[in-house]
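Colleague: only geometry, no sequence info:
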Ligand code: PGA
Ligand code: ZN
């Protein structure tokens, strides 16, 4: 049973405050979880409670959320069975009492939800992925490694937010990390040689002063080849344009490129990129408010490219159901803090899998050293994770945890590679 719950204010990878929660059980087991934070957030995400006092933390303080954990939430969950995650999460949702967890804050609620699961795993002396996923959890995810940053994650003119590499053609997760690291360093050398900055953005990928997606894709493809890998067969390309960020009044405004595209033109542009490069997956190709555009693009390229909904679904099970019904994409990005409890995130995964959709477990652009999502990716068996570049400890912590899990599973471990991209 839960004996005590506490929280503190720590800082995330962008230097902003965030919530860290501790849950201690009667047997002394400690679970600790830190809450991540997005920059290009979806409109329907659960509410991250910020203090809004401009004199402190530029308004981003989380003192109220921290106080809610140590106060109301601690009082409500003390004595509860930590092994009953669904019951605990239902109690947290009821205690908050609002549709988007805006009263207590999804940052307060999620911290306790995750810390409880971790405490329960410690108590049972099980690794988290096994506690959540059972004895059968053995699938190491295909990583989508974000090596060029743009959009809201960097101060360069690139309109699209993320250009990623996914080592589809290898046998182990550890080898996938090696391949990613090698390409990352080749890309660094190539960018430097071309006179570009090799400073990195929020997710540890380079943030060169490029303007078009083609330029970024050319650099990445060349780096893959120069490292000795085959673009497509060994390493696939993945993009997250984060299209909601530059969709205004029904038009896609490419500020860096200096062009405006209608929904149909934007979709045609993406379809062209998907065909011209070995692109295996595109996240948020269309804006969250452009469901018609989403439907049209899915009908057009959904048979040959994974189309993953991030802002459009916000990890919300009901929105995912609506997306499945209306043919909006074929894959769901799962970010635990978009929905606020572990149980709700797992329900979204189950709904997607039942429909034959794929799932990508994901970090946020503001992260911490917490590695829960690495275990979650293995626990759900979803076979895909998006957790940034091959640099910066907030990103590499997740890769390193997956390396440890693969080692621990030994012969039972299986690396998903490219096989998961078409699940149905
Ligand atoms: P965010 O971006 O964490 O800043 O929202 C990540 C994404 O769009 O996938
Ligand atoms: Zn996204």
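Modeller: Noted; the coordinates are in hand. The structure displayed is predicted, hence computed values, not measured ones. Residues are numbered from 1 along each chain as shown. Ligands and ions are numbered 1, 2, ... in the order given.
Colleague: quick one: stretch 152-161 near ligand 2?
Modeller: No: judged by Cβ under 5 Å from the ion, stretch 152-161 stays clear of ligand 2, getting no closer than 6.7 Å. From N, CA and C alone the C-beta is placed, and that goes for glycine too.
Colleague: near ligand 2, which residues of this protein?
Modeller: Counting by Cβ under 5 Å from the ion, the chain sits next to ligand 2 at 240, 242, 283, 284, 310.
Colleague: can you list those in CSV and add neighbour count?
Modeller: Below are the residues of the chain next to ligand 2 laid out as CSV (neighbours: other Cβ atoms under 10 Å):
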residue, neighbour count
240, 26
242, 26
283, 27
284, 29
310, 28
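Colleague: So which of the residues you listed are in strands?
Modeller: Those of these mapping onto strands are 240, 283, per DSSP state E.
Colleague: Dump the residues of the chain next to ligand 2 to JSON lines, plus pLDDT and distance to residue 177.
Modeller: Below are the residues of the chain next to ligand 2 laid out as JSON lines (pLDDT from 0 to 100; distance: Cβ to Cβ, whole Å):
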{"residue": "240", "pLDDT": "98", "distance to residue 177": "20"}
{"residue": "242", "pLDDT": "98", "distance to residue 177": "25"}
{"residue": "283", "pLDDT": "98", "distance to residue 177": "21"}
{"residue": "284", "pLDDT": "98", "distance to residue 177": "25"}
{"residue": "310", "pLDDT": "98", "distance to residue 177": "24"}
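Colleague: tell me, which of the residues of the chain next to ligand 2 make contact with ligand 1?
Modeller: 240, 242, 310 (Cβ under 6 Å from any ligand atom).
Colleague: pretty sure residue 409 is in a helix, no?
Modeller: Yes: counting by DSSP: H, G, I helix; E, B strand; the rest coil, residue 409 is located in a helix.
Colleague: what number of residues lie near it?
Modeller: 19 (other Cβ atoms under 10 Å).
Colleague: same question, residue 304
Modeller: When neighbours are defined as other Cβ under 10 Å, residue 304 has 12 of them.
Colleague: what's the answer for the one 3 residues further on, then?
Modeller: The criterion is other Cβ under 10 Å. On that basis, residue 307 has 25 neighbouring residues.
Colleague: Can you tell me the SS state at the residue nearest to it when sequence neighbours are not counted?
Modeller: In space, and not counting its chain neighbours, residue 307 is closest to residue 329: 4.3 Å by Cβ to Cβ, 6 or more residues apart in numbering. At residue 329 the chain is in coil, as set by three-state DSSP.
Colleague: hang on, residue 329 packs against residue 323?
Modeller: Yes: between residue 329 and residue 323 there is a contact under Cβ atoms under 8 Å: 5.9 Å.
Colleague: okay, those two: which has more neighbours?
Modeller: Counted by other Cβ under 10 Å, residue 329 and residue 323 do not tie: residue 329 has more neighbours, with 30 against 26.
Colleague: ok, that one to residue 304 distance?
Modeller: Noted for residue 329: a distance of 14 Å to residue 304, by Cβ to Cβ, to the nearest Å.
Colleague: what ranges do the helices span in the stretch 1-150 of the chain?
Modeller: Along the stretch 1-150 of the chain, counting by DSSP state H, counting those that start in this stretch, helices occupy 63-68, 74-77, 85-96, 106-123, 128-133.
Colleague: winner for burial among the ones you listed?
Modeller: helix 106-123 (a mean of 27; mean count of other Cβ atoms under 10 Å).
Colleague: is that helix up against ligand 1 anywhere?
Modeller: No: using Cβ under 6 Å from any ligand atom, helix 106-123 stays clear of ligand 1, coming no nearer than 13.6 Å.
Colleague: do stretch 398-406 as well
Modeller: No: judged by Cβ under 6 Å from any ligand atom, stretch 398-406 and ligand 1 are separated, with a smallest distance of 13.7 Å.
Colleague: Now do the contacts for the closest residue to ligand 2 within the stretch 301-424 of the chain.
Modeller: Nearest residue of the stretch 301-424 of the chain to ligand 2, counting by Cβ to the ion: residue 310, 3.5 Å away. For residue 310, the contact set (Cβ atoms under 8 Å, 6 or more residues apart in numbering) comprises 42, 240, 242, 283, 284, 333, 335, 362.
Colleague: okay, now residue 188: neighbour count?
Modeller: Counted with other Cβ under 10 Å, the neighbours of residue 188 add up to 17.
Colleague: Residue 300 too?
Modeller: 16.
Colleague: for it, what are its contacts?
Modeller: Counted by Cβ under 8 Å, 6+ apart, residue 300 has contacts 267, 271.
Colleague: before we move on, which element is it in?
Modeller: Residue 300 is part of helix 291-301 when elements are defined by DSSP states H and E.
Colleague: List the buried residues of that helix.
Modeller: 291, 293, 294, 295, 296, 297, 298, 300, 301 (16 or more other Cβ atoms under 10 Å).
Colleague: Out of the residues you listed, which is nearest to ligand 2?
Modeller: residue 294 (13.8 Å).
Colleague: Around ligand 1, which positions in the stretch 301-424 of the chain sit nearby?
Modeller: 310, 362, 364, 365.
Colleague: was I right about residue 213 contacting residue 239?
Modeller: Yes: Residue 213 is within contact range of residue 239, at 7.0 Å (criterion: Cβ under 8 Å).
Colleague: Which positions in the stretch 1-150 of the chain make contact with ligand 1?
Modeller: 38, 39, 40, 41.
Colleague: what separates the helix or strand containing residue 399 from the chain centre, distance-wise?
Modeller: Here residue 399, judged by DSSP H and E, is contained in helix 393-409. The chain centroid and the centroid of helix 393-409 are separated by 16 Å under Cα atoms, centre = their mean, to the nearest Å.
Colleague: got a list of contacts for it?
Modeller: Contacts of helix 393-409 (Cβ under 8 Å, 6+ apart): 12-13, 127, 129, 138, 140-141, 143, 172-174, 177, 203-204, 363, 367-371, 373-375, 377-378, 385, 387-390, 413, 415.
Colleague: Return the subset of those lying in strands.
Modeller: Per DSSP E, these map to strands at 140, 143, 385, 415.
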